[in-house]
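# Only the shape, not the letters, is given here:
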């Protein structure tokens with residue numbers, strides 16, 4: 001009984017210790033090093049190295065809302081520095097442009113487990129998912145649900161301001 005337990009404990013500790021290792025990216029060419037964001041060890045922050053790495057080169061917060069919904073939108077709205085650092089780090093480690101990094105970061109913030117699964121599948125199959133295109137069907141559905149939510153929220157604000165019962169419009173004589 002003690003031997004299997006000991007084996008499981010050792011296996012778990014080995015697996016968990018790999019999660020805390022610092023990953024290193026090795027670039028063979030010198031030109032590739034000039035095109036990625038740089039990490040400043042003193043400030044412990046990533047910084048853009050070219051104009052294409054700056055936030056202005058990516059897409060706006062509205063597209064984040066349309067692409068991935070409210071979760072990454074609010075993260076980007078209330079924690080812009082964390083979002084920016086995550087995008088720059090993704091750009092540096094994956095050697096991709098800003099728009100691709102933003103799409104991946106928004107997908108990660110929306111659902112990290114699905115994003116990780118899709119990422120592993122793309123490495124296995126070679127199919128790379130595009131996280132930056134807006135699907136017209138999803139856009140229409142998003143507009144419908146957001147209109148319904150806005151209507152209910154507007155009614156709630158109106159009822160709070162006028163001390164009216166929320167469902168009173170159902171009991172009025174027409």
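Yep, that arrived. Quantities reported herein were computed from a predicted structural model and do not represent experimental measurements.

# hey, let's count contacts and neighbours off CA atoms from now on
Will do.

# The longest helix along the chain - contacts with which helices or strands?
Longest helix in the chain, counting residues (DSSP state H): helix 136-162. When contacts are defined as 3 or more CA pairs under 8 Å, 6 or more residues apart in numbering; DSSP states H and E, helix 136-162 packs onto helix 61-68.

# Show the average pLDDT along the helix it packs on.
Mean pLDDT, computed over helix 61-68, is 90.

# tell me which strands and helices that helix is in contact with?
helix 70-78, helix 98-110, helix 136-162.

# Would you enumerate the residues in contact with residue 75?
Contact analysis of residue 75 by CA atoms under 8 Å, 6 or more residues apart in numbering lists 83, 109.

# ok, back up a step: quick one: mean pLDDT for the longest helix of the chain?
pLDDT averaged over helix 136-162 gives 91.

# re the thing from before, winner for burial among the helices and strands packed on helix 61-68?
When these are scored by mean count of other CA atoms under 10 Å, the highest mean neighbour count falls to helix 98-110 (a mean of 21).

# Okay, buried residues for the helix or strand following it please.
Going down the chain from helix 98-110, the next helix or strand is helix 112-125, by DSSP states H and E. Buried residues in helix 112-125, counting neighbours by 16 or more other CA atoms under 10 Å, are found at 115, 119.
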